[in-house]
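> Sequence first, predicted model second:
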Amino acid sequence: MDLGIAGRKALVCAASKGLGRGCALALAQNGVEVTITARTADALEQAAQEIAAATGVRVTPVAGDITTPEGRAAALAVRRQREQRPRRAGHLVADAAAVDDHRGAVALEQHVRREQVAILLRATARGPGPGLAPRVGRHEAVLAAVVIPERPNLTALVAVVFGIGVGQALFNPAYTSLLPQLVGRDDLPGAIALHSAQMNGSRVIGPVIGALLDSAVGAPAVFAVNGVPYLFVVASLVTVHLPEPTPVAAGAARGLRRLGAGFAVARRDPVVRRCLVTIFTFSLISLSFVGQFPVVAERNLGIDERSTAYGALYACFGVGAVLGAMSVGTVFSQRSKERIVRVSLAAYAVALTTFALVRVPGVAFPVVLVVGLTYFCFITSLSTVLQQNLEDHERGAVTPLWIMGFGGTVPIGNLLAGPLIERTSITAVMLVGAVVAVGLSSYARLDRSEAPTVSQPDARAA
């Protein structure tokens, strides 16, 4: 189909990979002369050569940060040098997927729609929880069906992704509340450590399996396969004898008033309150680099997010997290978890500062392993302290707040970090996170002999 855009010129930003590269390729295939920009010179040059070789169209790479005045000036200078007539060229300006010409937009949509779907699905797979509930397994099967068509229905896709989020919100607090009743308080540190280890082990192994399946059979089959293991979850829930629910005390809040019960517990109990404030603050500020991991790799280390080196870098972080979680239930099983929380936060601050400042990939690999280790040594210990300080009838009200702080706050931190990174740098944002971690190591006094007392009477005694 002739779109009538041959001979025009386009400037495509962030075009060394992903959607930007897909836009540049689609334009070149329709005879548009393309200038592409990105921060990583080597990846950009390779993309330009491959697009030119595939289409026979002139492709000019301009390495630089288009968000800076210098980067924009360099890209526009090249464009001005190539203008042949002093009239409006009618060129397209594309940034990842947006174009001015409607017909060009239709063509680009056909080329990049499946890539958009893949990005949306990858974004939903980065949740903090150890797994999904059986109902989320059903959503995975629906998700596989939704993405099968060549042009998936994005409304249906968003609806299914929203359903997965709802499933996580229902499952994770219930599972977290149930765990202490399954193993008993004496075995709680080991159980939480094992739970954290399997969660991070799956984060390391899962993407590798997913990438292999995606390249071999495509995204729909990946999600179909991902839904199968939930049959085993359902089978285990059917066969395992679960403890009876803790009866609600007479006069306790019911219905919508139960929503404030967790806050009431935190208000009464200084240890619970400090656990929740610590996890909320840490996830919001000190953990924002995890969502910006590709930016750290590209800007600080020159590692492309689609390279093998990037996979190894993220794997080091995951392995460190597994080791940190396991150490709490093994090497540090007899140590005070309250003290481990504070020491781990301080060590995390040092490791994160080092990772923010390092510029040599070979050094970054062991450093990010230490970041992951200290991070999950802290998280596992903090979770243990919280669980040990909750009565059985309080967990159902408090654990949703914990899950919200542990996972729900992270996307908000990423949202806030984005503009700050563009105005300053990813290094500055990471250093702020390290400073906050130092402050939290002083704030997180979780031993009852150190925690400040409150004037309200403790309702547990009632």
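Alright, I've got the coordinates.

> and I192, how many neighbours?
By the measure other Cβ atoms under 10 Å, the count of residues near I192 is 27. Just so you know, the C-beta spots here come from the backbone N, C-alpha and C atoms, and that holds for glycine as well.

> State the distance from it to G329.
7 Å (Cβ to Cβ, to the nearest Å).

> joint contacts of the two?
Shared contacts of I192 and G329, defined by Cβ atoms under 8 Å, 6 or more residues apart in numbering, comprise T380.

> if I look at V32, how far off is P61?
From V32 across to P61, the span is 15 Å (Cβ to Cβ).

> Check G218 too.
For G218, the distance to P61 - Cβ to Cβ - is 30 Å.

> P220 now?
Between P220 and P61 the computed distance is 34 Å (Cβ to Cβ).

> hmm, back to that, more crowded one of G218 and P61?
Neighbour totals were compared for G218 and P61, and P61 leads with 23 against 15 (other Cβ under 10 Å).

> my guess is that one is in a strand, correct?
Yes: assessed by DSSP: H, G, I helix; E, B strand; the rest coil, P61 belongs to a strand.

> so what's it bridging to?
Legend: beta-bridge partners of P61 under DSSP bridges are I36.

> Could I get the contacting residues of it?
Taking Cβ under 8 Å, 6+ apart as the test, what P61 contacts is 35-38, 41, 44-45, 47-48.

> which one of those sits closest to D447?
A38 (50.7 Å; Cβ to Cβ).

> buried stuff in stretch 260-274?
Buried positions in stretch 260-274, judged by neighbour count with 16 or more other Cβ atoms under 10 Å: 261-262, 264-266, 268-274.

> Could I get the residues you listed in TSV, plus columns for pLDDT and distance to I379?
Shown next, in TSV, are the buried residues of stretch 260-274 (pLDDT from 0 to 100; distance: Cβ to Cβ, whole Å):
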residue	pLDDT	distance to I379
A261	83	24
G262	85	19
A264	89	25
V265	90	20
A266	90	18
R268	91	24
D269	92	20
P270	93	20
V271	93	17
V272	93	16
R273	94	18
R274	95	15
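
> T427 - nearest residue in space that isn't next to it in sequence?
Once flanking residues are discounted, T427 sits nearest to A356: 4.9 Å by Cβ to Cβ, 6 or more residues apart in numbering.

> residues contacting the one you found?
Contacts of A356 (Cβ under 8 Å, 6+ apart): 289, 300, 426-427, 430-431, 434.

> likewise G413?
Per Cβ under 8 Å, 6+ apart, neighbours of G413: 283-285, 287-288, 291.

> ok, now with 10 Å
G413 is in contact with 281-292, 429, 433, counting by Cβ atoms under 10 Å, 6 or more residues apart in numbering.

> Point out the least confident member of these, please.
By pLDDT, G291 ranks lowest within those, coming in at 82.

> Helix, strand, or coil at the closest residue to that residue other than its chain neighbours?
Distances taken as Cβ to Cβ, 6+ apart place N414 nearest to G291, at 3.5 Å, with adjacent residues excluded. Under three-state DSSP, the three-state class of N414 is helix.

> Quick check: the gap between N414 and V290.
Here N414 is placed at a distance of 8 Å from V290 (Cβ to Cβ).

> can you check A26 too?
Separation of A26 from V290 (Cβ to Cβ) stands at 32 Å.

> With neighbour numbers in mind, choose between these two.
With neighbours defined as other Cβ under 10 Å, A26 and V290 compare such that A26 has more, 26 against 19.

> May I have the host helix or strand of that one as PDB, with CA atoms only?
Under the criterion of DSSP states H and E, A26 resides in helix 18-29. Output in PDB follows, covering the C-alpha atoms of helix 18-29 (Å, rounded to 0.1, in the frame of the first residue of the first chain):
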ATOM      1  CA  GLY A  18      12.200  -0.800  20.700                       C
ATOM      2  CA  LEU A  19       9.400   1.400  19.500                       C
ATOM      3  CA  GLY A  20      11.600   4.100  18.200                       C
ATOM      4  CA  ARG A  21      13.500   1.700  16.000                       C
ATOM      5  CA  GLY A  22      10.200   0.200  14.900                       C
ATOM      6  CA  CYS A  23       9.000   3.700  13.900                       C
ATOM      7  CA  ALA A  24      12.200   4.400  12.000                       C
ATOM      8  CA  LEU A  25      12.100   1.100  10.100                       C
ATOM      9  CA  ALA A  26       8.400   1.600   9.200                       C
ATOM     10  CA  LEU A  27       9.100   5.000   7.800                       C
ATOM     11  CA  ALA A  28      12.100   3.900   5.900                       C
ATOM     12  CA  GLN A  29      10.200   1.000   4.400                       C
END
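
> So which elements touch it?
Helix 18-29 makes packing contacts with strand 9-13, strand 33-38, helix 41-55, strand 59-63, strand 92-95, helix 102-124 when contacts are defined by 3 or more Cβ pairs under 10 Å, 6 or more residues apart in numbering; DSSP states H and E.

> Might you calculate how far the helix or strand that contains T409 sits from the centre of the chain?
Using DSSP H and E, T409 sits within helix 409-423. Offset of helix 409-423 from its chain centre (Cα atoms, centre = their mean, to the nearest Å): 12 Å.
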